[in-house]
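Asks: Curious how this folds, go ahead:
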Amino acid sequence: MARSRFIAPARGEVPEAVFAHPIFAGYARHHDLLLADAWPEPAMLDARLDAHSAAGRRLRFSTQDAALLQDGLHYETRIHDAGLIATRAGNWHDLLNALVWFEHAALKCALNLRQVREIAAVGPRMRSRAQCALTHFDEAGAVVLLEHEDDVKAWDAHDWPRWFGQREAFAQGRIRVHVFGHALLEHALWPGRMATAKCLVLAGGDTTQWQSHLARTIRDGRVLNDPQELRPLPLAGLPGWSDAQHQPGFFDGDMFRPLRSGRVYPRPLRIEPAQLAR
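Replies: Next up is the predicted model:
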């Protein structure tokens, strides 16, 4: 059966309480853009991107209209070559994408660079396995930081009750989840609707520097060469993220799927001090 196309709620239909959910916590300083009566103009988005740096590149948001599209450029090529991020007016998906640019510009630039390289290799009408992986992470990605690499064992086995049952580890920050994909944020506009994230996992070292390390790793082509590198993480299972967690049979739901036969995930990426110093 074909999946129905996701439709976001109208701007005025989203309760303010939605943005208090933990999925939006990493974007809290931009909640004014989500709660205002009117959609922000590109110039307002530009000012905020400048304030938080775009990984050393001059970028700006540009309304996606017929005039912009006359250049005939691929979306990713336009960002790389012209510094223009095509943004649809009155569109949740693109506004939430802007928020990710504000907070994770280095990662977004790394993904864009890799996309442009792949376009040059296979052409604008083809999609490589790497492009699929890059897009999955861009749209639905999350980064999971582990204090100890062995904490991933229950996740390796899709033992969801044991993995999400590490409540103390989540509460104390020994396991941290950073939502990156703007499509995940868009799904959460509907109260109680949590999608499944596609994750990269980092462990050890100085995790305060995870963004710069991961951006370099993506740029160097050491990750996101195949969608199979990404681990599924049903966000509803994260402690405190769903009111249904204490109901009997919660982990029997469709989103908590068993491990497929033969499926093996890559080991977590190691953050080594020597790499951070480069």
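Asks: switch to C-alpha atoms for all contacts and neighbour counts from now on
Replies: Noted.
Asks: Flag every buried residue along stretch 74-91.
Replies: Within stretch 74-91, the residues that qualify as buried are 76-80, 83-89, counting by 16 or more other C-alpha atoms under 10 Å.
Asks: cool, stretch 22-34 as well?
Replies: Here stretch 22-34 shows 23-24, 27, 30, 33-34 as buried, counting by 16+ other C-alpha under 10 Å.
Asks: which of those residues lies closest to Gly123?
Replies: The closest of the buried residues of stretch 22-34 to Gly123 turns out to be Tyr27 (C-alpha to C-alpha; 34.7 Å).
Asks: out of everything not next to it in sequence, what's closest to that closest one?
Replies: Once flanking residues are discounted, Tyr27 sits nearest to Leu99: 6.7 Å by C-alpha to C-alpha, 6 or more residues apart in numbering.
Asks: returning to that earlier point: dump the buried residues of stretch 74-91 into TSV; add pLDDT and distance to Glu16 as well.
Replies: What follows is the buried residues of stretch 74-91, written out as TSV (pLDDT from 0 to 100; distance: C-alpha to C-alpha, whole Å):
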residue	pLDDT	distance to Glu16
Glu76	96	33
Thr77	96	36
Arg78	96	34
Ile79	96	32
His80	95	35
Gly83	94	33
Leu84	96	31
Ile85	97	27
Ala86	97	27
Thr87	97	24
Arg88	97	23
Ala89	95	21
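Asks: Spatially, which two of those are the most separated?
Replies: In the buried residues of stretch 74-91, two members sit farther apart than any others by C-alpha to C-alpha. They are His80 and Ala89, at 21.3 Å.
Asks: Would you state the helices of the stretch 1-150 of the chain in chain order?
Replies: Per DSSP state H, counting those that start in this stretch, the stretch 1-150 of the chain carries helices over the ranges 31-35, 42-52, 66-69, 75-82, 92-103, 105-122, 129-140.
Asks: how about the last one: buried residues?
Replies: Of the residues in helix 129-140, 130-140 count as buried by neighbour count, 16+ other C-alpha under 10 Å.
Asks: what inclination does that helix have with respect to helix 92-103?
Replies: Between helix 129-140 and helix 92-103, the angle comes out at 100 degrees (axes from the mean of the first three to the mean of the last three C-alpha atoms, to 10 degrees).
Asks: these two touch, right, Leu230 and Cys199?
Replies: Yes - counting by C-alpha atoms under 8 Å, Leu230 does reach Cys199; the two are 5.1 Å apart.
Asks: what do those two both touch?
Replies: Taking C-alpha atoms under 8 Å, 6 or more residues apart in numbering as the contact rule, the neighbours common to Leu230 and Cys199 are Phe137.
Asks: Could you dump the helices of the stretch 1-150 of the chain into TSV with distance to Arg270 added?
Replies: Shown next, in TSV, are these (distance: least, C-alpha to C-alpha, whole Å):
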stretch	distance to Arg270
helix 31-35	33
helix 42-52	27
helix 66-69	41
helix 75-82	29
helix 92-103	22
helix 105-122	17
helix 129-140	19
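Asks: between these, which gets the lowest average pLDDT?
Replies: Among the helices of the stretch 1-150 of the chain, helix 42-52 carries the lowest mean pLDDT, at a mean of 84.
Asks: could you give the angle of it to helix 105-122?
Replies: For helix 42-52 against helix 105-122, the angle by the same axes, to 10 degrees is 110 degrees.
Asks: which helices and strands sit right next to helix 42-52?
Replies: With contacts defined as 3 or more C-alpha pairs under 8 Å, 6 or more residues apart in numbering; DSSP states H and E, helix 42-52 has these neighbours: strand 60-63, helix 92-103.
Asks: list the buried ones in that helix?
Replies: Per 16+ other C-alpha under 10 Å, helix 42-52 contains these buried residues: 42, 45-46, 48-49.
Asks: now these as CSV including distance to His213?
Replies: Shown next, in CSV, are the buried residues of helix 42-52 (distance: C-alpha to C-alpha, whole Å):
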residue, distance to His213
Pro42, 30
Leu45, 26
Asp46, 26
Arg48, 24
Leu49, 21
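Asks: Show me the strands in the stretch 101-250 of the chain, by range?
Replies: 141-146, 175-179, 196-203, 231-234 (DSSP state E, counting those that start in this stretch).
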